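# fold the following, please.
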Amino acid sequence: MKIGQSFVLRLTAYNTFRAILLIALMLLMIAVGFYLSYRSGLAESHRLVAENASLNNTVGQFQAELAQARQRAVRADKAAEIARLANEEVRLSLLTYGQEIADLEADIAFYRGLMAPDELAVGLAIHDFYLSYEEDTDFYHYTAIMTQSANKHSVLKGSVMMELLVQGPNGIEHIAFSDLPGVTDSMPTRLRFRFFQRMQGQFKLPQELQPVSIVLSAETSSKKPQKVSRSFQWQALLGAN
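Numbers count the residues shown, from 1 in each chain. A predicted model of the protein is given here:
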């Protein structure tokens with residue numbers, strides 16, 4: 001065999017080996033990539049399963065408390081019927097148990113709504129807003145509850161603004177919560193949650209203002225932003241307490 005032919009054969013063998021080595025490395029990198037993706041997806045699946053299990057446990061606890069409350073209400077009702085007592089203590093006990101049942105049923109409905117959302121109500125929602133007045137300090141205390149209804153609860157990010165609508169000399173005027181005295185929460189409030197987020201704060205109302213309603217406006221920071229708003233009448237908020 002000639003020297004030139006031997007060199008060409010060695011070169012061809014070297015190139016073939018190098019090509020095989022590169023292919024093997026590429027296959028190894030692809031396999032590693034698939035493995036890492038699988039582990040990441042598995043970890044996320046385990047986390048979601050754990051969160052759903054926690055919610056199921058919470059619902060189970062509320063259902064157990066609801067059953068106990070109903071039993072207490074039935075016993076109290078029977079005792080009142082047998083003894084034919086119409087005193088104030090029995091009446092207040094029945095009212096208390098009735099309110100306890102209503103509160104527990106509302107809690108169960110709330111958590112079930114998060115776990116099995118209505119197809120027409122998927123996404124960010126303003127669940128409720130509560131307002132109370134503390135006469136000793138002249139502060140109004142508020143609680144806003146934001147929820148996310150989804151089949152797969154990823155972290156929801158966004159912001160929420162709150163406005164106070166008051167009756168002015170020329171009609172309705174809008175006042176941002178950040179402009180009210182004594183406000184403890186900065187505006188807009190940042191949203192970051194999977195299932196729900198509770199926002200609490202306080203403010204004072206200047207005497208010259210005549211409040212009409214409170215408006216919450218929220219927006220997600222996703223690629224397709226979702227905007228929601230909800231208005232709460234002032235008198236209805238205070239009348240509920």
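
# break the chain down into its domains, please.
1-116, 120-239 (automatic domain parsing).

# just the ones you listed: most buried one?
Most buried of the domains of the chain, by mean neighbour count (mean count of other C-beta atoms under 10 Å): domain 120-239, with a mean of 15. Heads up, the C-betas are built off the backbone N, CA and C, glycines and all.

# work out for me the element residue 185 sits within.
Secondary structure from DSSP states H and E places residue 185 outside every helix and strand.

# quickly note the distance from it to residue 143.
Look at residue 185 and residue 143: by C-beta to C-beta, to the nearest Å, they are 11 Å apart.

# which stretch of helix or strand covers residue 190?
strand 189-193.

# one step back: where do the contact lists of residue 185 and residue 143 overlap?
By C-beta atoms under 8 Å, 6 or more residues apart in numbering, residue 185 and residue 143 have these common neighbours: 199, 200.

# ok, residue 175 - contacts?
Contacts of residue 175 by C-beta under 8 Å, 6+ apart are 163, 164, 165, 166, 209.

# give me that answer again for 10 Å
Residues near residue 175 by C-beta atoms under 10 Å, 6 or more residues apart in numbering: 163, 164, 165, 166, 168, 205, 206, 209, 211.

# where do the strands sit along this protein?
When assigned using DSSP state E, the strands of the chain occupy the ranges 123-134, 139-149, 156-168, 171-176, 189-193, 196-203, 211-220, 227-233.

# export those strands to CSV and tack on mean pLDDT and distance to residue 34?
Below are those laid out as CSV (pLDDT from 0 to 100; distance: least, C-beta to C-beta, whole Å):
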stretch, mean pLDDT, distance to residue 34
strand 123-134, 91, 32
strand 139-149, 91, 31
strand 156-168, 93, 29
strand 171-176, 92, 51
strand 189-193, 91, 31
strand 196-203, 92, 36
strand 211-220, 95, 32
strand 227-233, 95, 39
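
# compare those and give me the one nearest residue 33.
Closest to residue 33 of the strands of the chain, according to C-beta to C-beta: strand 156-168, at 27.8 Å.

# longest helix in this structure, by number of residues?
Looking across the chain with DSSP state H, the single longest helix is helix 3-83.

# how far off centre is that one?
23 Å (C-alpha atoms, centre = their mean, to the nearest Å).

# low pLDDT regions in the chain?
Along the chain, the parts satisfying pLDDT under 70 run over 1-15, 17, 38, 40-43, 82-87, 90, 103, 106-122, 150-153, 240-241.

# repeat that for 90
1-125, 127, 147-156, 168-171, 178, 182-188, 193-196, 207-208, 222-225, 238-241 (pLDDT under 90).

# tell me which residue is most central in it.
Centroid-nearest residue in the chain, with C-alpha atoms, centre = their mean: residue 196, separated by 1.3 Å.

# how about the closest residue to that residue other than its chain neighbours: which residues does it bridge to?
Excluding its sequence neighbours, the residue lying closest to residue 196 (C-beta to C-beta, 6 or more residues apart in numbering) is residue 147, at 4.5 Å. Note on residue 147: beta-bridge partners residue 125, residue 196, judged by DSSP bridges.

# same deal with the one 10 residues further on?
Residue 157 has these beta-bridge partners by DSSP bridges: residue 192.

# residues contacting it?
Residue 157 makes contact with 190, 191, 192, 193, 220, 221, 222, according to C-beta under 10 Å, 6+ apart.

# which among the residues you listed gets closest to residue 57?
Within the contacts of residue 157, the smallest distance to residue 57 is 19.0 Å, found for residue 193 (C-beta to C-beta).

# identify the bridge partners of residue 142.
On the basis of DSSP bridges, residue 142 is bridged to residue 131, residue 201.

# fine, thanks again, bye for now.
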